[in-house]
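**Student:** Fold the following.
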Amino acid sequence: MSATKAIKREALKAAFPHTIPIMTGFLFLGTSYGIYMRVSGFPWYYPALMAMTIFAGSMEFVAVNLLLSPFNPLGALVLTLMVNARHLFYGLAMLEKYKNTGLKKLYLIFGLCDETFSINCTIEPPKHVDRSWFMFFVTLLNQCYWVMGATLGGVFGSLIAFNAKGLDFVMTALLLVIFLENWLKERNHWSSLIGLAATALSLLVFGASSFIIPAMLLIIAVLTLLRAPLEGAVSRP
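**Tutor:** Numbering: from 1, shown residues only. Below you'll find the predicted structure:
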């Protein structure tokens, strides 16, 4: 086995266990998405193609109605930016992580979703594992799970009566677990507390339908202003 293959194999082995919870959620949600597409009148291969080319779960569900509505590219563009605006902040947060990843950076950017961000941002691979390949395989595995679920839903969607109501809470619960794991690993909790406070304040002011972007802006602003004292608090034993 060549050195490159050995590096990739070690990175894949290190990445896979961290993606198992994502696999559980993505297979369920991806299948429900595929079924939703089928019962909406689309061919079985549409969910698979959209999962491979869009890979944005929320937007893929929204896209069903867009495809069934009158052609409105500007409206689709604005809606997509609103639904996925949080990825702007994910990208800024991963600038340092994605340095020196070569051509893999292109796929890492394309495949960055909530769950992949949570893993690649918080999990440190073992010292003997190449970081860039670790992040690549986390991203690839998570997309594969989503594509598999969407394909299964598309193939069997016309044969199964399926009520997906409430199933989207699976990913909310998953992200909560990831947050709690990160909380337990932190030496202090100032960053997490700032995030919780900013989110609660934005929810109170802007309401449940519009709080995400203001919350992210507020978190970025506060963390930027308090960067020096927060870094000092982390460095102190």
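
**Student:** Which strand or helix spans Glu60?
**Tutor:** helix 57-68 (DSSP states H and E).

**Student:** Over to Leu77?
**Tutor:** Using DSSP H and E, Leu77 maps to helix 73-83.

**Student:** got the contact list for the closest residue to Phe55 other than its chain neighbours?
**Tutor:** Counting by CB to CB, 6 or more residues apart in numbering, Phe55 lies nearest to Gln143, which is 5.5 Å off, once chain neighbours are set aside. Heads up, the C-betas are built off the backbone N, CA and C, glycines and all. Going by CB atoms under 8 Å, 6 or more residues apart in numbering, Gln143 touches 51-52, 55, 111, 113.

**Student:** go with 10 Å
**Tutor:** By CB atoms under 10 Å, 6 or more residues apart in numbering, Gln143 lies in contact with 26, 51-52, 55, 107, 110-111, 113, 116.

**Student:** On the three-state scheme, it is what?
**Tutor:** Here Gln143 is helix, with the state taken from DSSP: H, G, I helix; E, B strand; the rest coil.

**Student:** quick check: longest helix of this protein.
**Tutor:** helix 3-39 (DSSP state H).

**Student:** Could you identify the helix or strand that succeeds that helix?
**Tutor:** With DSSP H and E, the next secondary element past helix 3-39 is helix 45-53.

**Student:** What residues sit buried inside that next one?
**Tutor:** For helix 45-53, the neighbour count (16 or more other CB atoms under 10 Å) marks 46-48, 50-51 as buried.

**Student:** Okay, domains of the protein per the record?
**Tutor:** For the chain, the structural domains run 3-164, 186-237, going by automatic domain parsing.

**Student:** Got the phi and psi for Leu108?
**Tutor:** Main-chain torsions, Leu108, degrees, to the nearest 10: phi -60, psi -40.
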